[in-house]
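Here you go, sequence then predicted model.
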Amino acid sequence: MTLAFLRYAIVLFAAAGIGLVSASAEALGQEQECPVPVRFYAFEPSLTKTIKALAGGREVVIAGLGGASSVGLAAGGPSLAWPARLSSVLAGRFPSARIKVVNLAVARQTAKAAAERLARDVLPLKPTLVIWETGTMEAVRGIDVDEFRETVQAGINELRAAGIEVVLMNMQFSRETDAMIDFGPYLIAMRELAEANDVPLFRRRGIMRHWAESDLLDLRAKDDAKRRQLAAKLYDCIGRAMADFVTRGISAAKPAVNPGSDR
Amino acid sequence: MLAVEGGDRKEVMSIASNPSVMERDLRLDFFRGLALFCIYIDHLPNNVLAEFTFQSVMFSDAAEVFILISGYTAGIVYGRAMERQGFVIAGVRVYHRVWQLYVAHVFLFMMFIAMVAYTVGALNNSLYAEEFGAANFLDEPGVAVAKALTLQFQPAFMHILPLYIVLLAVLPFALAGIRSWPRAMFFASFALWLAVQLDKRIALSAYPGPDGVWPFNPFAWQALFFLGAWLAWQGTRGGISWLRRRWLFCLAAVLSLAGLLIRFSWTLHDFYDPIPVLVSGKALWPFLSKTDLGLLRFANVLAVALLVARLIHPQARFLASRTARPFVICGRNSLHIFCLGILLSVLGHLVLNEFFGGIPMQVAVSAAGVAIMISVAALMEWFAAAQGVSRASALGAPTAGRGARG
């Protein structure tokens, strides 16, 4: 009990401390409809290469790997998926950079299948950054978590060896499936992978849970039209949050940031 | 836990209101009860209290504690039965228990199916249809049900019972082996565990395939279960002298302490990132597999068990006290309370994901679940006592008390 409150206190103090330090970043967050509390990425390592390329106005290729939620099926297609949203937000913020976000996601693809595509489909693009959304199929199918960890570790090694920066993105949050699918071990594995490799982890699950918890996004849809609308909104929010996440630590480019321009 | 010692007569008599207490090693019940609470708390989503269960202070978690104690208890109960009644009768008793576990598993599966059937409509029209629709049980319920009956389909949070069923089904033969060739059985069991560590292909496949495996690999976990049974059998014949050696105690203490420091530094690091970890997790990954009962998980639970066995008396005053009673009665009725815990954790999921409510809600749901588990265990104890009294008066003989169950 006491320790639980201690944790609460620690998180609060940490959040307060970071909030003070990065007051300007918070101000940006407040402009958005679906802000992300700093605790979700305060301690994630930053992407120095990608940031330099963006700020320097060079060509930046970002590849997105993942499953159905990255393809954007629920919203109606890739043009409404988070990679497309990320692309347009980044383009608004860094008009001088030539930004290309390639969506390589395939519905129901396992980490193993995605890893096998790295050499063939990802490396030839010469991306600066690969955002790898994974873990869902493994949890749904109950694939051995040790094997999952080895697969992703090998993938990270391969990308790193090619000089590519990596972001890991974990599963979606859903109210309904939690009691049916045990995400726990896979979430822990991804956190450990990120930690051990000093790779930033985009905690999509926690962020979506936060949005649902604070009534910013009701993740339930009554009919098909509502569902598309909701999915489009969600993917837009994820894309924006990802843009903030990727560009953390850019100080030189601050003047270029205009919250109104990417609406 | 490692040797059944004759209890202090006075202490036993002071708590003799329940006649079965005299025979029992209360540590087994207490720690099994504690493990059951931890399993429930660990299963709740996003639960801050899950950072304060076994797994935050040792590499192992409640599953190891549960399986080790279950193996030990089964070794005592059925080992004794085998001595007195012979292989066949003892075997039938074990298989009666296996049947009970199997029925419990099927019961839990029914609840799972009910929940799936209830949510499938909502799911198909949700954001997640494409992602989670890949769970085959939504597409082919017939196959899923059949595979559940053969233990190949183990939905979330339903992994321990199938493991327990398989281990118990092998127990009569293992016990017979332990009696005839104790040393050979000890090494055979260990060798199989070692083989799994070296070759990950030694596993049982699970549904849905093609690459699904049993989340608890029986070929690895048997080592913990049968080691428990082996120790229990050795305990009935005076114990094992080298287990009381000083160096072994020191080794166990060092291992447990190292496990505590390293694991707890990870826990703190999760809370607040700038707190450094003592040893990087990556270096230890190969030894931390839960599926295959990695070396560190195996060693840590044994080290802690040895410390507990040496430091806590089987009928220690605390274990017989009111404070410990909730743990003891839950541990004593472990099958029922385990199933209840799974049911409650599913309900807890629904509550926490519907109302959220942050840390106070997580604590409240955890506490409520534990309270329900204790109440049901108390009710079962009361009922068993009432039944025991009526049966004893009908037979005109004092009851021997309910024996421990594996």
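Happy to help now that I have it.

three-state assignment of A:Val60?
The three-state assignment at A:Val60 reads strand, by DSSP: H, G, I helix; E, B strand; the rest coil.

And whatever helix or strand B:Thr73 lives in, what does it pack against?
When elements are defined using DSSP states H and E, B:Thr73 is found to belong to helix B:62-124. Contacts defined by 3 or more Cβ pairs under 8 Å, 6 or more residues apart in numbering or on different chains; DSSP states H and E place helix B:62-124 against helix B:26-43, helix B:136-139, helix B:141-149, helix B:160-180, helix B:218-236, helix B:295-311, helix B:334-355. In this view, the C-beta of every residue, glycine as well, is placed from N, C-alpha and C.

is it possible to export those to JSON lines including mean neighbour count and mean pLDDT?
As requested, the helices and strands packed on helix B:62-124 are arranged in JSON lines below (neighbours: other Cβ atoms under 10 Å in any protein chain shown; pLDDT from 0 to 100):
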{"stretch": "helix B:26-43", "mean neighbour count": "24", "mean pLDDT": "96"}
{"stretch": "helix B:136-139", "mean neighbour count": "17", "mean pLDDT": "65"}
{"stretch": "helix B:141-149", "mean neighbour count": "16", "mean pLDDT": "88"}
{"stretch": "helix B:160-180", "mean neighbour count": "21", "mean pLDDT": "96"}
{"stretch": "helix B:218-236", "mean neighbour count": "24", "mean pLDDT": "95"}
{"stretch": "helix B:295-311", "mean neighbour count": "21", "mean pLDDT": "97"}
{"stretch": "helix B:334-355", "mean neighbour count": "20", "mean pLDDT": "92"}
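
hmm, who's touching the helix or strand that the helix holding B:Thr73 is followed by?
Once the chain leaves helix B:62-124, the next helix or strand it forms, by DSSP H and E, is helix B:129-132. Helix B:129-132 is contacted from outside by A:67-69, A:71, A:73-74, A:107-108, A:136, A:140, A:172, A:174, A:177, A:181, B:123, B:138, using Cβ atoms under 8 Å, 6 or more residues apart in numbering or on different chains.

Let me know the closest of those to B:Ala117.
Sorting those by how near they are to B:Ala117, with Cβ to Cβ, puts B:Leu138 at the top with 9.5 Å.

which residues of chain A fall in helices?
Using DSSP state H, the helices of chain A run over A:2-21, A:23-31, A:48-55, A:68-71, A:82-93, A:111-117, A:136-141, A:145-161, A:184-197, A:204-213, A:224-246.

need those in JSON lines with mean neighbour count and distance to B:Asp211, can you?
Supplementary listing: these in JSON lines, determined by neighbours: other Cβ atoms under 10 Å in any protein chain shown; distance: least, Cβ to Cβ, whole Å:
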{"stretch": "helix A:2-21", "mean neighbour count": "13", "distance to B:Asp211": "37"}
{"stretch": "helix A:23-31", "mean neighbour count": "13", "distance to B:Asp211": "41"}
{"stretch": "helix A:48-55", "mean neighbour count": "18", "distance to B:Asp211": "33"}
{"stretch": "helix A:68-71", "mean neighbour count": "26", "distance to B:Asp211": "19"}
{"stretch": "helix A:82-93", "mean neighbour count": "22", "distance to B:Asp211": "27"}
{"stretch": "helix A:111-117", "mean neighbour count": "19", "distance to B:Asp211": "8"}
{"stretch": "helix A:136-141", "mean neighbour count": "25", "distance to B:Asp211": "7"}
{"stretch": "helix A:145-161", "mean neighbour count": "19", "distance to B:Asp211": "8"}
{"stretch": "helix A:184-197", "mean neighbour count": "20", "distance to B:Asp211": "14"}
{"stretch": "helix A:204-213", "mean neighbour count": "21", "distance to B:Asp211": "23"}
{"stretch": "helix A:224-246", "mean neighbour count": "20", "distance to B:Asp211": "29"}
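
will you turn those helices into TSV that also has mean pLDDT and distance to chain B?
As requested, those are arranged in TSV below (pLDDT from 0 to 100; distance: least, Cβ to the nearest Cβ, whole Å):
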stretch	mean pLDDT	distance to chain B
helix A:2-21	45	5
helix A:23-31	42	17
helix A:48-55	94	18
helix A:68-71	94	4
helix A:82-93	96	12
helix A:111-117	96	8
helix A:136-141	89	5
helix A:145-161	96	5
helix A:184-197	94	4
helix A:204-213	95	4
helix A:224-246	94	5
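
Adding distance to B:Phe112, write the ones you listed out as a markdown table.
Conversion of the helices of chain A to a markdown table gives the following (distance: least, Cβ to Cβ, whole Å):
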| stretch | distance to B:Phe112 |
| --- | --- |
| helix A:2-21 | 30 |
| helix A:23-31 | 40 |
| helix A:48-55 | 44 |
| helix A:68-71 | 23 |
| helix A:82-93 | 32 |
| helix A:111-117 | 26 |
| helix A:136-141 | 14 |
| helix A:145-161 | 20 |
| helix A:184-197 | 17 |
| helix A:204-213 | 22 |
| helix A:224-246 | 26 |
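
do you know which of the ones you listed lies nearest B:Tyr40?
Evaluated over the helices of chain A, closeness to B:Tyr40 peaks at helix A:184-197, with 13.7 Å, by Cβ to Cβ.

From the centroid of chain A, which residue is nearest?
In chain A, the C-alpha nearest the mean C-alpha coordinate belongs to A:Phe202, at 4.0 Å (Cα atoms, centre = their mean).

what's the spacing between it and A:Met169?
Plainly put, A:Phe202 is 4 Å away from A:Met169 if you go by Cβ to Cβ, to the nearest Å.

on that earlier part again, can you name the residues that contact the residue nearest to the centre of chain A?
A:Phe202 is in contact with A:Tyr41, A:Ile131, A:Val167, A:Leu168, A:Met169, A:Asn170, A:Ala241, A:Met242, A:Phe245, counting by Cβ under 8 Å, 6+ apart.

Farthest pair within these?
With distance counted by Cβ to Cβ, no two of the contacts of A:Phe202 lie farther apart than A:Leu168 and A:Ala241, which are 14.6 Å apart.

ok, B:Val279 touching B:Phe264?
No: in terms of Cβ atoms under 8 Å, B:Val279 does not count as a neighbour of B:Phe264; the distance is 11.8 Å.

Good, wrapping up.
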